[in-house]
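Novice: Just to be clear, the model below is a prediction. Sequence and coordinates:
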Amino acid sequence: PPATTPAESENDSSDTWLVVFIIIAVIAIVALIAALMSRRKGSDGAVSAEQSRLDAALRNGRVLHDSMSLTLLQPSEPATLQASWNVGQRQFIELESQVGALTSVVTDAAALQVLRTLGGASAALRGALEADVSLRMSGDGSDQAGVVDAANQTVLSRRAEFDAALQQAAYLRL
């Protein structure tokens, strides 16, 4: 067999060290990327808790807007209307409480404004519905027809404002 010269042995040795160095560098880069991803996931946990609270509030708001407010506007017997209003009122208060809790932890000024608008729109719709239900429960029919119609229009207007606030809040990322 041909004999190797010392120069060839040195080349092989330096090539081996170069490969080992590259492997160690790749392992270090992968470990660094994994550490950064882990840290990023950890910081998203706090954000996702606030976001999930907002998402829950928005779901509740959608139910109030899409079904409860329309149910309360439908002609119904006083006992049914009162029972529906009792449930709806509790749901509105719960929504306003959820939004209020979020405003106490959110620091972004724009997000705070959107949340305050949502809470105010919910309270305004709740107030309009309360007035409408009270009028319909105590009314003698034809004597208050104009007042009840005006109350219904107010509810529809507040409902549109509430819908706009819900849509704006849907774009928030906390």
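Specialist: Cool, the structure landed.
Novice: what about stretch 120-127, average pLDDT?
Specialist: In this model, stretch 120-127 carries a mean pLDDT of 98.
Novice: ditto for stretch 52-67
Specialist: pLDDT averaged over stretch 52-67 gives 94.
Novice: Please apply the same query to stretch 166-174.
Specialist: For stretch 166-174, the per-residue pLDDT averages 93.
Novice: Distance from that stretch to the middle of the chain?
Specialist: In terms of Cα atoms, centre = their mean, to the nearest Å, the centre of stretch 166-174 is set 6 Å apart from its chain centre.
Novice: which residues sit against it?
Specialist: Stretch 166-174 is contacted from outside by 47, 50-51, 54, 57-58, 61-62, 65, 102, 106, 108, 111, 114-115, 117-118, 121, using Cβ atoms under 8 Å, 6 or more residues apart in numbering. All C-beta spots, glycine's among them, are computed from the backbone N, C-alpha and C.
Novice: Okay, and residue 70 sits in which element?
Specialist: Element membership of residue 70, judged by DSSP states H and E, is helix 69-73.
Novice: Please save the CA atoms from that helix in PDB.
Specialist: Written as PDB, here are the backbone C-alpha positions of helix 69-73 (Å, rounded to 0.1, in the frame of the first residue of the first chain):
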ATOM      1  CA  SER A  69     -82.200  41.900  21.800                       C
ATOM      2  CA  LEU A  70     -84.400  40.700  18.900                       C
ATOM      3  CA  THR A  71     -86.300  38.300  21.200                       C
ATOM      4  CA  LEU A  72     -87.100  41.200  23.600                       C
ATOM      5  CA  LEU A  73     -88.500  43.300  20.700                       C
END
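Novice: Check which residues of the helix or strand just after that helix are buried.
Specialist: Downstream of helix 69-73, the next assigned helix or strand under DSSP H and E is helix 78-103. Within helix 78-103, the residues that qualify as buried are 81, 84-85, 88-89, 91-92, 95-96, 98-99, 102, counting by 16 or more other Cβ atoms under 10 Å.
Novice: that older thread, give me the buried entries from the contacts of stretch 166-174.
Specialist: Buried by 16+ other Cβ under 10 Å: 50, 54, 57-58, 61, 65, 102, 106, 111, 114-115, 117-118, 121, out of these.
Novice: Which single one of those residues is nearest to residue 133?
Specialist: residue 65 (16.7 Å; Cβ to Cβ).
Novice: was I right about the closest one contacting residue 158?
Specialist: No. Using Cβ atoms under 8 Å, residue 65 makes no contact with residue 158, being 10.4 Å away.
Novice: hey, where'd the helices end up in this protein?
Specialist: Here the chain has its helices, by DSSP state H, at 6-63, 69-73, 78-103, 109-138, 145-170.
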